[in-house]
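Student: With the input below, show me the fold.
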Amino acid sequence: MIFMSKQKESLQRQLLHRNFHIPNRLYNWFYHLIMVDIKLKKHNPVVHRIDDPRKEKEGAIVLWNHLSRLDHSYIQAVMYPRPFNMVAGYCEFFRSHLQWAFKRMSILPKKNFCVDVFGVKAILSIIKKKGVVTMSPEGLATVTGINENFIEGVGKLIKHCKVPVYFARFDGQALVAPVFSRYYREGGRSEVTVYKMFTKEDIMALTPEQIEDKLRTEFGHNDYEYQEKNHFKWDTKGQGCDGMHDICYKCPSCGEEFHMHAEGDVIKCDACGFEAKCNEYLELIPNKEIKDMPKYPSDWVVMERKDIIKQIRENPDFSFSFKTTIGIQPPDHYVKSKDHAAEIVGEGTFTLDHKGMHYDGTKLGEPYHIDLSYETYYRLIFEVNTHMFALYIDDEYVEFLPKERVAFKADLICSEMNRLHFKSWPPLERDKYLYEKE
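Tutor: Numbering: from 1, shown residues only. Take a look at the predicted model:
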């Protein structure tokens with residue numbers, strides 16, 4: 001059981017008292033050496049600076065479309081040698097292998113998909129020091145290679161900061177380091193194009209809603225369309241499909257769910273024998289001809305989303321349940337596992353239906369029950385990997401690790417339930433064709 005010495009303040013409270021500062025140039029140089037000069041070289045990164053945020057003497061905000069867990073390295077390539085402060089997920093601050101670097105680089109915490117006064121104050125403290133804050137409005141790297149919408153409030157924050165805003169448009173990063181996989185790919189190409197989206201004068205003239213509308217024009221990106229256009233060759237190191245069954249869970253041949261198994265460069269169905277191999281162009285080549293075979297994982301996910309949209313609209317009794325363990329962040333020590341951001345404290349059943357999301361089980365040895373509305377909870381959080389998810393419940397980070405690989409389907413259900421009942425998580429313009437019958 002998790003416990004804490006009465007004499008020592010919890011790690012969560014310690015973070016609340018942290019003073020954030022513009023990073024030391026020596027640490028910034030070392031970070032650039034490791035993450036850009038050494039690691040990124042294998043992925044052929046190209047930086048196009050149409051405008052240069054490094055020249056802003058009064059501070060600035062740099063936004064980007066979040067594609068992978070390597071995105072921080074690309075932002076470092078954009079900003080070097082100027083030090084900057086990056087925003088990262090709150091839960092990451094309690095993982096042992098990250099906490100030293102996070103302190104030295106003065107990374108700023110922000111809780112995903114919820115109101116976070118402390119996180120906003122941390123951002124404002126750097127702006128007040130005339131620093132540069134870099135962040136992704138989405139809050140999460142895409143798990144499909146397709147950028148999602150972002151929560152309302154970014155426009156208000158930009159309006160309040162009154163500093164120039166730059167956009168760093170990413171292309172190819174989800175191909176380099178897909179979130180569903182443990183492996184990086186080499187070769188190919190990845191790019192960042194940086195330009196000034198809003199001047200200080202623009203921000204003064206625009207409403208928060210107008211700011212967000214313009215920002216959304218950059219969030220129709222699909223990395224696999226980028227690959228289709230450029231036809232880059234990639235070295236997958238024999239792991240092109242690793243982890244892909246987390247997001248490609250429904251067989252396009254027989255229609256069975258959760259029988260897909262991905263290993264190496266092959267994803268196959270244990271129910272019917274269908275399989276597809278990932279080639280050097282990241283295309284999925286099937287072992288037999290089937291109707292509407294998805295060419296890329298992004299196409300596969302669209303097929304699954306269409307199915308979820310149809311199911312929940314046609315079935316008023318729709319329900320999806322699974323067994324899961326739950327975890328929370330310990331107050332007195334950092335989480336040592338690289339696969340989790342919390343430690344297991346209970347288990348039970350998680351259910352999604354038209355009334356909301358529900359958990360019945362235990363937590364810290366006591367009965368624990370939650371009922372959550374899709375009005376507030378419209379996305380699940382994939383912070384660490386794609387076979388588990390998290391939610392902030394009563395301001396506490398709670399992690400769910402299902403017994404089966406069902407987390408991504410649960411996320412699709414959560415999003416589509418909101419779009420059916422509350423419409424506070426609308427699809428981007430690119431995806432509106434999926435709802436044409438409404």
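
Student: Show me how the record splits the chain into domains.
Tutor: 11-230, 243-313, 318-424 (automatic domain parsing).

Student: Figure out which of the ones you listed is closest to K437.
Tutor: Distance to K437, taken as Cβ to Cβ, is lowest for domain 243-313 among the domains of the chain, at 8.4 Å. The way it works is simple: take the backbone N, C-alpha and C, and place the C-beta from them, glycine included.

Student: okay, how far is it across the closest one, tip to tip?
Tutor: End-to-end distance of domain 243-313 (Cα to Cα, to the nearest Å): 30 Å.

Student: could you give the mean pLDDT of that domain?
Tutor: Per-region confidence: domain 243-313 scores 97 on mean pLDDT.

Student: Quick one: distance of it to the chain centre.
Tutor: 22 Å (Cα atoms, centre = their mean, to the nearest Å).

Student: does the residue nearest to E92 when sequence neighbours are not counted belong to a helix or a strand, and which?
Tutor: Counting by Cβ to Cβ, 6 or more residues apart in numbering, L98 is the residue found nearest to E92 once chain neighbours are left out, at 5.6 Å. In the assignment (DSSP states H and E), L98 maps to helix 96-104.

Student: for the following helix or strand past that helix, what is the average pLDDT?
Tutor: Remark: after helix 96-104, the chain's next helix or strand is strand 108-110, criterion DSSP H and E. In this model, strand 108-110 has an average pLDDT of 97.

Student: Tell me the strands beside strand 108-110, with direction?
Tutor: Here strand 108-110 is paired, per DSSP bridges, with strand 85-89 (parallel).

Student: Of all the residues in the lengthiest helix in the chain, which ones are buried?
Tutor: If you go by DSSP state H, the chain has its longest helix at helix 297-314. By neighbour count on 16 or more other Cβ atoms under 10 Å, the buried set for helix 297-314 is P297, S298, D299, W300, V301, V302, E304, R305, I308, I309, I312.

Student: ditto for stretch 209-229
Tutor: For stretch 209-229, a neighbour-count test (16+ other Cβ under 10 Å) marks 211-212, 214-216, 218-219, 221-224, 226-227 as buried.

Student: sorry, back to before: quick check: buried residues in the helix holding L98?
Tutor: Under 16+ other Cβ under 10 Å, the buried positions of helix 96-104 are L98, Q99, F102.

Student: Please apply the same query to stretch 145-161.
Tutor: 145-151, 154-155, 157-159, 161.

Student: picking that back up, with pLDDT and distance to E375 added, can I get the buried residues of helix 96-104 in JSON lines?
Tutor: Putting the buried residues of helix 96-104 into JSON lines (pLDDT from 0 to 100; distance: Cβ to Cβ, whole Å) gives the following:
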{"residue": "L98", "pLDDT": "96", "distance to E375": "33"}
{"residue": "Q99", "pLDDT": "94", "distance to E375": "34"}
{"residue": "F102", "pLDDT": "97", "distance to E375": "33"}
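
Student: Return the member of those nearest to F350.
Tutor: Closest to F350, out of all of these and judged by Cβ to Cβ, is L98, at 27.2 Å.

Student: With M105 as the reference, measure out to that closest one.
Tutor: Distance, L98 to M105, by Cβ to Cβ, to the nearest Å: 10 Å.

Student: could I have stretch 410-418 exported to PDB, CA atoms only?
Tutor: Coordinates of each C-alpha in stretch 410-418 appear next as PDB, following Å, rounded to 0.1, in the frame of the first residue of the first chain:
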ATOM      1  CA  ALA A 410     -12.700   2.800 -25.500                       C
ATOM      2  CA  ASP A 411     -11.200   6.200 -26.600                       C
ATOM      3  CA  LEU A 412     -13.100   6.100 -29.900                       C
ATOM      4  CA  ILE A 413     -16.300   5.400 -28.000                       C
ATOM      5  CA  CYS A 414     -15.700   8.200 -25.500                       C
ATOM      6  CA  SER A 415     -15.100  10.700 -28.300                       C
ATOM      7  CA  GLU A 416     -18.100   9.600 -30.300                       C
ATOM      8  CA  MET A 417     -20.400   9.600 -27.300                       C
ATOM      9  CA  ASN A 418     -19.500  13.200 -26.700                       C
END
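
Student: can you list contacts of it?
Tutor: Contacts to stretch 410-418, defined as Cβ atoms under 8 Å, 6 or more residues apart in numbering, come from residues 304-305, 308-309, 312, 320, 322, 350, 352, 354, 357, 374-375, 377-380, 382, 389, 402, 424-425.

Student: pLDDT averaged over that stretch - what is it?
Tutor: Averaging pLDDT along stretch 410-418 yields 98.

Student: Surely L401 touches M388?
Tutor: Yes. Assessed by Cβ atoms under 8 Å, L401 is found in contact with M388 at 4.4 Å.

Student: shared neighbours of the two, which are they?
Tutor: H340.

Student: between these two, which one's more packed in?
Tutor: M388 (24 against 20; other Cβ atoms under 10 Å).

Student: pretty sure the more buried one is touching E404, no?
Tutor: No. Using Cβ under 8 Å, M388 makes no contact with E404, being 11.4 Å away.

Student: Mind jotting down where the helices sit in the stretch 101-250 of the chain?
Tutor: Remark: helices assigned in the stretch 101-250 of the chain by DSSP state H, counting those that start in this stretch are 117-128, 154-161, 173-176, 200-205, 208-216, 223-230.

Student: Which of those helices sits closest to G346?
Tutor: Using Cβ to Cβ, the nearest of the helices of the stretch 101-250 of the chain to G346 is helix 117-128, at 26.5 Å.

Student: circling back to that earlier point, ok, which of the domains of the chain comes nearest R430?
Tutor: Once the domains of the chain are compared by Cβ to Cβ, domain 11-230 is nearest, at 4.1 Å.

Student: who's in contact with the nearest residue to N279 once chain neighbours are set aside?
Tutor: The shortest distance from N279 to any non-neighbouring residue, by Cβ to Cβ, 6+ apart, is to I285 (5.7 Å). With contacts taken as Cβ under 8 Å, 6+ apart, I285 has the following neighbours: A276, K277, C278, N279.

Student: Around the first one, count how many other residues there are.
Tutor: Read that as A276. Neighbour tally, A276, other Cβ under 10 Å: 28.
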